[in-house]
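**Student:** Here's my sequence, what's the structure:
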Amino acid sequence: MTKLDSQLFWLAVNAYMEAQGESWDGQKAVCHVVLNRATNQRKSIKDIVLAPFQFSWANNGARPPIKNYEAFATCLEAAQEAIKERSAGYSLLGGDHYYAYQGLNAIPEPYWVKKGQMREVARIGNHIFFRS
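**Tutor:** Residues are numbered from 1 along each chain as shown. This next block holds a predicted model:
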């Protein structure tokens, strides 16, 4: 597996774990957040995705299995499209954070939203996206 293949894989895995039930645009938006963080922090996509306490599915070294291969294939396509969009200059207005505010995975408003240090840039599906 090449470095690019590995990075695409981790971008797709995160989209699958975080947004497989979301729309195509929602899945791409989750990918853009990871791409923006990787650019801003000068880290690999894998490092961003697996960083402690960044994405709940990966906390404590968890690696839940991919069970729905059709959904994963869609997330892989969304990841590829997000990379193409990024190359064309689109970046979800620099969004580098999000949370699920409604739906099955809804969580209470995170502390970082309450602090008011982030600017909302989009609402797509069940997620609100922010730029720090």
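
**Student:** so after the worst-scoring helix or strand of the chain on mean pLDDT, what's the next helix or strand?
**Tutor:** Of all helical and strand segments in the chain, the minimum by mean pLDDT, DSSP states H and E falls on helix 111-114, at a mean of 85. Once the chain leaves helix 111-114, the next helix or strand it forms, by DSSP states H and E, is strand 119-124.

**Student:** distance between that next one and the chain's centre?
**Tutor:** Relative to the chain's own centre, strand 119-124 is displaced by 14 Å; criterion: Cα atoms, centre = their mean, to the nearest Å.

**Student:** those strands in the chain, which residues are they?
**Tutor:** Taking DSSP state E to define them, one finds strands in the chain at 97-100, 119-124, 127-131.

**Student:** Which strands or helices does the least confident helix or strand of the chain pack on?
**Tutor:** Judged by 3 or more Cβ pairs under 8 Å, 6 or more residues apart in numbering; DSSP states H and E, helix 111-114 is in contact with no other helix or strand. To be clear about C-beta, it is placed using only N, CA and C from the backbone, and glycine gets the same treatment.

**Student:** Show me what counts as buried in that helix.
**Tutor:** Neighbour counts over helix 111-114 (16 or more other Cβ atoms under 10 Å) mark V113 as buried.

**Student:** Check stretch 84-104 too.
**Tutor:** Those would be E85, R86, S91, L92, G94, G95, D96, H97, Y98, Y99, A100, Y101, for stretch 84-104 by 16+ other Cβ under 10 Å.

**Student:** Any chance you could list what contacts it?
**Tutor:** Applying Cβ atoms under 8 Å, 6 or more residues apart in numbering, the contact partners of stretch 84-104 are 21, 28-30, 32-33, 35-37, 40, 106-107, 109-110, 112-113, 118, 121-122, 125-132.

**Student:** Separate out the buried members of those residues.
**Tutor:** Neighbour counting by 16+ other Cβ under 10 Å classes 28-30, 32-33, 35-37, 113, 118, 121-122, 125-131 among the contacts of stretch 84-104 as buried.

**Student:** Name the nearest residue to the residue nearest the centre of the chain, ignoring sequence neighbours.
**Tutor:** Most central in the chain under Cα atoms, centre = their mean is V30, positioned 3.0 Å from the mean C-alpha point. Once flanking residues are discounted, V30 sits nearest to A19: 4.4 Å by Cβ to Cβ, 6 or more residues apart in numbering.

**Student:** Cool, thanks, signing off.
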